[in-house]
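Student: Here is the input, now give the coordinates:
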Amino acid sequence: TVLEELDLSSNSLSGQIPFQVGQHDGAGVLKRLDLANNILSGTIPSQIGQLQSASILLEGNHFHKSAKTAPLSLCMLRNVKEFDLAHDMTFCPIERNALSDFYDSANGTGWANGTLWLDEYTSYCDWTGVTCDDMNHVTKLDLSNNGLSGRLSESIGDLTFIEVLDLSDNDIKVMTISAQFAIYCRRFRCQLSHPKQRCASRTQIISQGSIPTEIGNLTNITYLRLSYNAFTGAAPESLGELAQLQLLQLQTNRITKIPNITQLDESIYNNSTFVTDCGV
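Tutor: A predicted model of the protein is given here:
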């Protein structure tokens, strides 16, 4: 007999979820784990995130009293099909999801230093190159000269509190719409307020160059360095909408067109405020 569904919801269960649940014989056989509406607490074990294509239902428990976040792999639905807390910002912060997608898109496994990135429980504020404020919002991401490649993910636009973004001296290339980002879009973005508009834009970005349009969502950014990479095509018009931007460096890419940007203050950064490719 093979156990495919375990439903113990609304059963007054207390204590912690045993990690062995995710190590059920033939892990991947259990397709539905429903422990919702109990009084369970403690850390949500990462092992249950290994149940292939399973539905994990944990709402209505007391995890918020002791657990800061759910395991990253569970929040990102890397193996499971459904996690009912995936859209709860307490357990699955959108900025952590965004950084995880950024890591995958920029070939994080090949970085010179990716200490603590994608750790199941460590706060994303402690990941290498990430700085947060007191509210755990990402305010700075500095991964300059760190061996990044791949592409700059559209999920960068979800770091809406960021003030400093420095990805210079890497090898970030042309943007393509990967199957992995399509999954990210479907799971996280397409369930937001304007799903059709946001997801339909994926196919439009390709013709706008390799810097994603979503960079225009970073309304608090003051310092943006994407120089010395392999970006191509036109820089997005949304760059011109960043009212707080004081420094922009795009040189040594293959940028063919830039928007009109008038708000930069050359006095702040010693006349190096805006540097782009020759001939643009």
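Student: Can you show me the helices along this structure?
Tutor: 72-75, 94-105, 179-187, 195-200, 202-205 (DSSP state H).
Student: rounded to a whole number, what's the mean pLDDT of stretch 257-271?
Tutor: The pLDDT scores in stretch 257-271 average 71.
Student: list the contacts for the residue lying closest to A243 once chain neighbours are set aside?
Tutor: Closest residue to A243 apart from its sequence neighbours, by CB to CB, 6 or more residues apart in numbering: Q263 at 6.0 Å. To be clear about C-beta, it is placed using only N, CA and C from the backbone, and glycine gets the same treatment. With contacts defined as CB atoms under 8 Å, 6 or more residues apart in numbering, Q263 is in contact with L242, A243, Q244, L245, Q246.
Student: Could you check how far the fourth one is from L8?
Tutor: It refers to L245. Taking CB to CB, to the nearest Å as the measure, L245 falls 52 Å from L8.
Student: ok, these two, which is more surrounded?
Tutor: L245 (22 against 14; other CB atoms under 10 Å).
Student: how about that one, what does it touch?
Tutor: I221, T222, L224, L239, I261, Q263, L264.
Student: now swap in S66 and tell me
Tutor: S66 touches S41, G42, T43, counting by CB under 8 Å, 6+ apart.
Student: E214 too?
Tutor: Applying CB under 8 Å, 6+ apart, the residues near E214 are E154, S155, I156, G157, D158, S238.
Student: For the fifth one, which residues are in contact?
Tutor: Applying CB under 8 Å, 6+ apart, we find D158 in contact with I94, E95, N97, A98, E214, N217.
Student: Same check on the third one?
Tutor: Contacts were defined as CB under 8 Å, 6+ apart; by that measure I156 touches A98, F102, L165, P212, E214, I215, L218.
Student: ok, now with 10 Å
Tutor: 98-99, 101-102, 105-106, 141, 162, 165, 167, 211-212, 214-215, 217-218 (CB atoms under 10 Å, 6 or more residues apart in numbering).
Student: just to revisit the earlier point, drop anything exposed from the contacts of L245.
Tutor: Buried residues within those, counting neighbours by 16 or more other CB atoms under 10 Å: I221, T222, L224, L239, I261.
Student: sorry, back to before: farthest pair in the contacts of E214?
Tutor: With CB to CB as the measure, no two of the contacts of E214 lie farther apart than S155 and S238, at 15.1 Å.
Student: Neighbour count: these two, which is higher?
Tutor: S155 (25 against 18).
Student: how near is the more buried one to A98?
Tutor: From S155 to A98 the distance is 4 Å (CB to CB).
Student: Do a quick rundown of the strands in the chain.
Tutor: Assigned by DSSP state E, the chain shows strands spanning 5-7, 14-15, 32-34, 39-40, 55-57, 82-83, 130-132, 138-142, 164-166, 223-225, 232-234, 247-249, 254-257, 274-275.
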